[in-house]
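In: could you work out the structure for the sequence below:
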Amino acid sequence: MKKKCLFLTAFAAIAILFAACTSTHTYDKNGVAFSYPGGWSITADDFGNSLGYVKLEKGATTATIGWLKTGSDIGAEMMLQNALADIQTQGAFSDFTAEPVEKVSYGTYPAIAATYNGTAGGAPRTGTIWVFKAEGYVVNVDVEGSAAARVADEREFKVIEESFILK
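Out: Alright, predicted model coming up:
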């Protein structure tokens, strides 16, 4: 009887842990919607004057999604270069380097992206920025963290990327 009770308790604990790891939440505000896995939390969310952003965190990984609803012809390449320059000049990274810009996709949207590396607080950090224009928006997605955390969280971040839509 004790073995059966112990087995059922262990099974229930594993099931709860699995459910917590695989549950998803939905963000749907101000023209932007996506799903994000349990374990990720929204730590900032703001919108005003057609400009918005949401910041998600999980452990040592941070994902910041910013968007601007605009009718102007803001160039994605310029936005990406400005974002990389901001990261470099903010001083959080020493020995900052950025890879060449690549044509990629972010979910279903054609995008450009660049990966960057550096050291922050004595620890190696890596990030990727995607920029794309669609549906009257310019969107900037920046995912940054320790190299080990980025690898560990990559599959979970894909849930956000693959579910991302503009409305």
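
In: okay, and for this structure, where does confidence drop off?
Out: Applying pLDDT under 70 to the chain picks out residues 1-22, 91.

In: now the strands for it?
Out: 24-29, 32-37, 41-48, 51-58, 61-69, 94-98, 102-106, 109-120, 123-134, 137-146, 165-166 (DSSP state E).

In: roughly how far does the residue nearest to the spatial centre of the chain sit from residue 78?
Out: Residue closest to the average C-alpha location in the chain (C-alpha atoms, centre = their mean): residue 63, at 3.0 Å. Residue 63 sits 22 Å away from residue 78, taking C-beta to C-beta, to the nearest Å as the criterion. (C-beta placed from N, C-alpha, C; glycine too.)

In: how close does residue 81 get to residue 143?
Out: For residue 81 relative to residue 143 (C-beta to C-beta), the value is 18 Å.

In: nope, residue 97 is what I was after
Out: Distance from residue 97 to residue 143, by C-beta to C-beta: 17 Å.

In: quick one, which of those two is more surrounded?
Out: residue 143 (22 against 10; other C-beta atoms under 10 Å).

In: show me what that one is bridged to.
Out: residue 63, residue 128 (DSSP bridges).
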